[in-house]
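K.L.:
sequence-free structure coming up:
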């Protein structure tokens, strides 16, 4: 199961939150997430594919030139995994960092918890995913 958790963590980072094309993002969500998935992020709780897709798409639109990069290796424990990451312009120091924690059911992400580090943005506010 560890290999599948590692795959889910990496693919979620790139194919869901890092994907600017709505059709490809939606296909990835269908493949990687359970239908009743729950996304827990600082702005709130989002349930199901439609809500996840809208959140990820709206977020992507705020910084379309940013890339997500893993920071270190993912970890898996039973049906859960975590991956630290950074986001910013490709090849530059990340503008913000965070940690994704997933709960896996039936080889798909049933829940994603996103923890953001307190990294000031260029505008002086707090970073948001």
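P.N.:
Received, thanks. Quick caveat, the model's predicted, so the values are computed rather than measured.

K.L.:
okay but residue 60 is in contact with residue 15, surely?
P.N.:
No. In this structure, residue 60 is not within contact of residue 15 by C-beta atoms under 8 Å, at 11.6 Å. To be clear about C-beta, it is placed using only N, CA and C from the backbone, and glycine gets the same treatment.

K.L.:
shared neighbours of these two, anything?
P.N.:
Shared contacts of residue 60 and residue 15, defined by C-beta atoms under 8 Å, 6 or more residues apart in numbering, comprise residue 25.

K.L.:
Could you give me the buried positions within stretch 82-98?
P.N.:
Within stretch 82-98, the residues that count as buried by 16 or more other C-beta atoms under 10 Å are 82-88, 94-98.

K.L.:
Identify, from these, the entry nearest to residue 116.
P.N.:
Checking those against residue 116 by C-beta to C-beta gives residue 98 as the nearest, at 4.5 Å.

K.L.:
Ramachandran angles for that closest one?
P.N.:
Note on residue 98: its backbone torsions stand at phi -170, psi -170 [degrees, to the nearest 10].

K.L.:
per-residue confidence for it?
P.N.:
At residue 98, the predicted lDDT confidence score is 97.

K.L.:
so what does whichever helix or strand residue 99 is part of touch, helix or strand wise?
P.N.:
If you go by DSSP states H and E, residue 99 is part of strand 96-105. For strand 96-105, the packing partners by 3 or more C-beta pairs under 8 Å, 6 or more residues apart in numbering; DSSP states H and E come out as helix 2-11, strand 80-89, strand 108-116.
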